[in-house]
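> Predicted model and sequence below, questions to follow.
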Amino acid sequence: MCYDVKAIHYAEHRRAKREGNDERAREIQKKLESMGVQMYHCVSGFSHPHLLIYGQEEPAIPFVAQWGLIPHWTKNREAAEKFWNNTINARGETIFEKPSFRDSIEEKRCLLYIDGFYEHHHKQGKTFPYFIERHDKKPLPVAGLWSEWLDKETGEIVKTFSMVTCEGNQMMSEIHNNPKLNGPRMPLIFENEDEADAWLDHSADTKSLRSLIKPLKNDILKAHTVKPLRGKNAIGNQPEAEKEYIYDELNTLF
């Protein structure tokens, strides 16, 4: 499953740049800085970072949400903290039925833009991290679900999200071979802006949404091994996190 991402330019402020509105892009950047939103070279969903997402209500205006969806009906903070680590990802095949996600798939779909993501390959009891990105290095539009939860202890409305995942494509089947999982997975990445817009379309029905839940074409992405992301030698949120690192004991997959 995808728990680590790189998010540097947030789609270069998706709509603003897409529409050639540089002034709007600068405004968004200032807003992000004022809210303390970081740019991440490598961040784990289990640290519940604040990232920029685009919702259905106002698709041109991004807002900040925390990674790890808390359903709106969650009773208290103790229950919310239990949800956090279990809702970093949302399996696209079950989001229409699962109580945690079925309200959000109806009216709170979102997009997040990442520069790439990290996944681990398993071999002879060891794991080897890979960084995956587009060949052209453009940001990846990823499907998400979000929610608003009222913390009754503080009165704060907390916005959170999950990243939607789908079956892995051929490349991911070679990388993501975790023996504990039933087959490879990958983020639900849209090939183009038309597909991304369709995910946010208010008029989309279940059939049309299901048609969008599919692996990205194999030739769009590329991958290479990187330094450890876990344990005492973890590189952390550093620019070098995505740089290629060769492991002598691992035959190159690509």
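Sure thing, it's come through. Numbering: from 1, shown residues only.

> can you tell me how far residue 86 sits from residue 41?
26 Å (CB to CB, to the nearest Å). Using the backbone N, CA and C atoms, a C-beta is placed for each residue, glycine as well.

> With residue 146 instead?
When residue 146 is compared with residue 41 (using CB to CB), they lie 24 Å apart.

> thinking again about what came up before, which of residue 86 and residue 41 has more residues huddled nearby?
More crowded of residue 86 and residue 41, by other CB atoms under 10 Å: residue 41, with 20 against 11.

> tell me the phi and psi of the nearest residue to that one once chain neighbours are set aside?
Of all residues beyond its chain neighbours, the one nearest residue 41 is residue 241 (4.6 Å), with distances taken as CB to CB, 6 or more residues apart in numbering. Backbone torsions for residue 241, taken as degrees, to the nearest 10, come to phi -60, psi -40.

> low-scoring pLDDT stretches of the protein, where are they?
Along the chain, the parts satisfying pLDDT under 70 run over 1-3, 8-22, 24-26, 28-29, 31-33, 35-37, 252-254.

> Can you show me the strands along it?
Per DSSP state E, the chain carries strands over the ranges 4-7, 40-44, 50-55, 63-67, 89-91, 109-114, 116-123, 126-134, 140-151, 156-167, 185-187, 221-225.

> Take those and lay them out in JSON lines including distance to residue 77.
Shown next, in JSON lines, are the strands of the chain (distance: least, CB to CB, whole Å):
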{"stretch": "strand 4-7", "distance to residue 77": "26"}
{"stretch": "strand 40-44", "distance to residue 77": "22"}
{"stretch": "strand 50-55", "distance to residue 77": "18"}
{"stretch": "strand 63-67", "distance to residue 77": "14"}
{"stretch": "strand 89-91", "distance to residue 77": "22"}
{"stretch": "strand 109-114", "distance to residue 77": "23"}
{"stretch": "strand 116-123", "distance to residue 77": "29"}
{"stretch": "strand 126-134", "distance to residue 77": "33"}
{"stretch": "strand 140-151", "distance to residue 77": "6"}
{"stretch": "strand 156-167", "distance to residue 77": "10"}
{"stretch": "strand 185-187", "distance to residue 77": "28"}
{"stretch": "strand 221-225", "distance to residue 77": "38"}
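
> Looking at these, which is nearest to residue 73?
strand 140-151 (8.5 Å; CB to CB).

> Between strand 126-134 and the closest one, find me the angle.
110 degrees (axes from the mean of the first three to the mean of the last three CA atoms, to 10 degrees).

> Begin at 402, not 1, for the rest of this chat.
OK, 402 is where the count begins now, so the last one is strand 541-552.

> got the angle between strand 541-552 and strand 517-524?
Counting by the same axes, to 10 degrees, strand 541-552 lies at 100 degrees to strand 517-524.

> Give me the buried stretch members for strand 541-552, please.
541-548, 550 (16 or more other CB atoms under 10 Å).

> How about stretch 459-476?
460, 463, 466-472, 475.

> nearest to residue 500, of these?
The closest of these, once distances to residue 500 are taken by CB to CB, is residue 472, at 7.1 Å.

> which residues touch the residue nearest to that closest one when sequence neighbours are not counted?
Leaving aside its sequence neighbours, residue 472 sits nearest to residue 501 (CB to CB, 6+ apart; 5.2 Å). The contact partners of residue 501, taken as CB atoms under 8 Å, 6 or more residues apart in numbering, are 470, 472, 484, 487-488, 491.
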